[in-house]
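A.B. asks: turn this into a structure:
(2 chains)
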Protein chains: 2
Amino acid sequence: MHEIRLASRPTGWPTAENFDLAETEVPAPGDGQVLIRNIYMSVDPYMRGRMNDTKSYVAPFEVGAALDGAAIGEVVASNAASVPVGAVVAHGLGWREYAVAAADRVRVVDPAAAPTLSAYLGLLGMTGLTAYVGLLDIAQFREGDTVFVSGAAGAVGSVAGQIAKLRGAKRVIGSAGSAEKARHLVEELGFDAAFNYKDAPVREQLRAAAPDGIDVYFDNVGGDHLEAAIGSANKYARFALCGAIAQYNDTAPPAAPRNLALAIGKELNLRGFIVGNHGHRMPDFLAEAGAWLRAGKISGRETVVEGLANAPEAFLGVLRGDNTGKMVVKVGDLPTVRS
Amino acid sequence: MHEIRLASRPTGWPTAENFDLAETEVPAPGDGQVLIRNIYMSVDPYMRGRMNDTKSYVAPFEVGAALDGAAIGEVVASNAASVPVGAVVAHGLGWREYAVAAADRVRVVDPAAAPTLSAYLGLLGMTGLTAYVGLLDIAQFREGDTVFVSGAAGAVGSVAGQIAKLRGAKRVIGSAGSAEKARHLVEELGFDAAFNYKDAPVREQLRAAAPDGIDVYFDNVGGDHLEAAIGSANKYARFALCGAIAQYNDTAPPAAPRNLALAIGKELNLRGFIVGNHGHRMPDFLAEAGAWLRAGKISGRETVVEGLANAPEAFLGVLRGDNTGKMVVKVGDLPTVRS
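C.D. replies: Purely as a prediction, here's the structure:
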């Protein structure tokens, strides 16, 4: 089997040299464990932070060891009655072709309940839950709010904006990194307005797209996007701070937002979060998102890259913004359908 | 009578030339109005923002017109039965010797219930309420929290720190602008630790004073103080953003905090507020603060400047940090005691 290891820690933007495709033995499951053949794995911006040797909310990756992250696969050997051979499971050991995991650390999913298995990494997985929790619980979205989502063509942002519309937003505005993505937001995902942040200062474009200000900001970007959102915020606006992809590869700290003191007079609430502590909302989320999906009201567009060997390039693409919607890597064949 | 008018709008730090001491007629109260002879008036950092011609949460001062702000005085003529001659009232028309106000816009206070009348501008006024609301409602202070207060020798900060101790903080740390003030915080106000922010970077001094991190930050300063607090924040720390005195006179926006993205992984909650919308908490606050005051558990030290003509200099002193505790200006004689 193959796995991708961290060859060295990047300084600034990572490159292919920071990754190593290694061959190793297929591990054997011990008591209470299962052997999983991976089918899809997730590449996410937050993984950039784990490549640094700094204390954070998840442990850093180790140089010389395989990376990890969300994946979905088929159980091919089992020493746990609760998770039999043939089960399809979501788990945390991506970046490799086979993984051994404790049965109580995997989540059995129903392949028939999703349009594709990869949806369990995106729309019906942690990505979708992140959007749901950030919008509803952290930013306390209310019907009639005007909502701004940055990185809105990305995995989380595209779901956050769609949920806002489905839940009765007055107006949803998205920013993205190309004219094509901005068009996708408006024409396919139902955003009311979208702009390419490379066209002109975010502050100006946001002010034009939200002349009456914003009530909720879902931040995936940080930096000048956050500064622009503070500037356009209405009184009592609520911000969910979910990501800061603009600065993940910075070697010097960003100067923005320079206008944070406006939060005093506007009585803003800025709240950072990570989805890990909100797993209890998964059932609520799946009930609501599943219904939207079945009714064709929500789109979970994905960008799929083929082959484990291309996973590093897929990850670099996420950092560059190559993806529209969730970026996943297909690392193995789909399961054989059993009757 | 005399009043202080805004002669011109300052750029950067204001100077005496921006103020004008003018003589004018004592106004006559109309129906439902009272004539007040002012005794004390408040000078507060937030007034600096009102000297700019920018939209904010309170209207800007007008060039050529008298400034205004919290004051306390004695009613000397009344056309309102609810507020008779002789009543002592808190109101919003400071910076002048006499003021006419609608009776329903003044608050009658009990001179006997406060150590000095000026306390109604500080410890028992909006200043104290700001500290109370910021700590308890905005920062959601909980017993056992470690609390950092910046500008802690100032009017609001000194009360916030004392309330934290009285409500069961594990540890309260304050920053101030001189060694003498830092000593005052520890020796007279019961702070566990305090430092002079001019001695060394705030980040280093805060880390030394709070080696186990902070759970609550009460921000009166902004800039590098806010950046240091984000750095020292424990998971789920709550920040009350009350003021940003470090930058009120800046002509260029501040670069700090550069580490705001840490709010994501630490799941911080940063919440700005102004006390104006929290007046409903005044009764709770006065009940609690009054009891502390009678028991000698809370100190409301003031810096008193004599004479309306010196009000501009007192205000400049607040911006420089000359005061310990609340800065007030005595603009008239105390009321004659009536039996």
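A.B. asks: excluding chain neighbours, what is closest to residue A:141?
C.D. replies: Take residue A:141 and drop its neighbours on the chain: the residue closest to it by Cβ to Cβ, 6 or more residues apart in numbering or on different chains is residue A:135, 4.8 Å away. Backbone N, C-alpha and C define where each C-beta goes, glycine included.
A.B. asks: can you classify that neighbour as helix, strand or coil?
C.D. replies: helix (DSSP: H, G, I helix; E, B strand; the rest coil).
A.B. asks: surely it touches residue A:160?
C.D. replies: Yes: if you go by Cβ atoms under 8 Å, residue A:135 and residue A:160 touch, sitting 5.2 Å apart.
A.B. asks: what about these two, which has more around it?
C.D. replies: Shown here are residue A:135 and residue A:160; by other Cβ atoms under 10 Å in any protein chain shown, residue A:160 has more neighbours (32 against 28).
A.B. asks: hmm, residue A:138 and that one touching each other?
C.D. replies: No: with contacts counted by Cβ under 8 Å, residue A:160 stays clear of residue A:138, the gap being 10.6 Å.
A.B. asks: mind listing the strands for the stretch 101-250 of chain A?
C.D. replies: A:107-109, A:146-149, A:171-176, A:193-196, A:214-219, A:233-241 (DSSP state E, counting those that start in this stretch).
A.B. asks: centre of the chain to the third one, how far?
C.D. replies: When C-alpha coordinates are averaged (Cα atoms, centre = their mean, to the nearest Å), strand A:171-176 and its chain have centres 17 Å apart.
A.B. asks: now the angle from it to strand A:214-219?
C.D. replies: 30 degrees (axes from the mean of the first three to the mean of the last three Cα atoms, to 10 degrees).
A.B. asks: check the closest residue to residue A:31 other than its chain neighbours and give its pLDDT.
C.D. replies: Distance criterion Cβ to Cβ, 6+ apart; nearest residue to residue A:31, sequence neighbours excluded, is residue A:79 at 5.6 Å. Among the per-residue scores, residue A:79 shows a pLDDT of 97.
A.B. asks: tell me the domain boundaries of chain A?
C.D. replies: Annotated domains of chain A cover A:2-122+A:300-330, A:126-276 [automatic domain parsing].
A.B. asks: can you tell which of these is closest to residue B:46?
C.D. replies: Closest approach to residue B:46 among the domains of chain A is made by domain A:126-276 (8.9 Å; Cβ to Cβ).
A.B. asks: count of residues packed around the residue nearest to residue A:31?
C.D. replies: Using other Cβ under 10 Å, residue A:79 has 15 other residues around it.
A.B. asks: residue A:6 too?
C.D. replies: Other residues near residue A:6 come to 22 when the count uses other Cβ under 10 Å.
A.B. asks: repeat that for residue A:252.
C.D. replies: Neighbours of residue A:252 using other Cβ under 10 Å come to 8.
A.B. asks: check residue A:109 too.
C.D. replies: Neighbour tally, residue A:109, other Cβ under 10 Å: 18.
A.B. asks: show the contacting residues for it.
C.D. replies: With contacts defined as Cβ atoms under 8 Å, 6 or more residues apart in numbering or on different chains, residue A:109 is in contact with A:72, A:88-90, A:117, A:120.
A.B. asks: top of the residues you listed by neighbour count?
C.D. replies: Counting by other Cβ under 10 Å, top hit in the contacts of residue A:109: residue A:72 with 30 neighbours.
A.B. asks: that one and residue A:38 touch, don't they?
C.D. replies: Yes: counting by Cβ under 8 Å, residue A:38 is a contact partner of residue A:72 at 7.4 Å.
A.B. asks: for the stretch 101-250 of chain A, which segments count as helices?
C.D. replies: For the stretch 101-250 of chain A, the helices defined by DSSP state H, counting those that start in this stretch cover A:126-132, A:155-166, A:179-187, A:202-209, A:223-232.
A.B. asks: how about CSV for those, with distance to chain B and mean pLDDT added?
C.D. replies: As requested, the helices of the stretch 101-250 of chain A are exported to CSV (distance: least, Cβ to the nearest Cβ, whole Å; pLDDT from 0 to 100):
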stretch, distance to chain B, mean pLDDT
helix A:126-132, 11, 95
helix A:155-166, 12, 97
helix A:179-187, 23, 97
helix A:202-209, 12, 98
helix A:223-232, 7, 96
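A.B. asks: thinking again about what came up before, so what sits against both of residue A:135 and residue A:160?
C.D. replies: Shared contacts of residue A:135 and residue A:160 (Cβ under 8 Å, 6+ apart): A:147, A:218.
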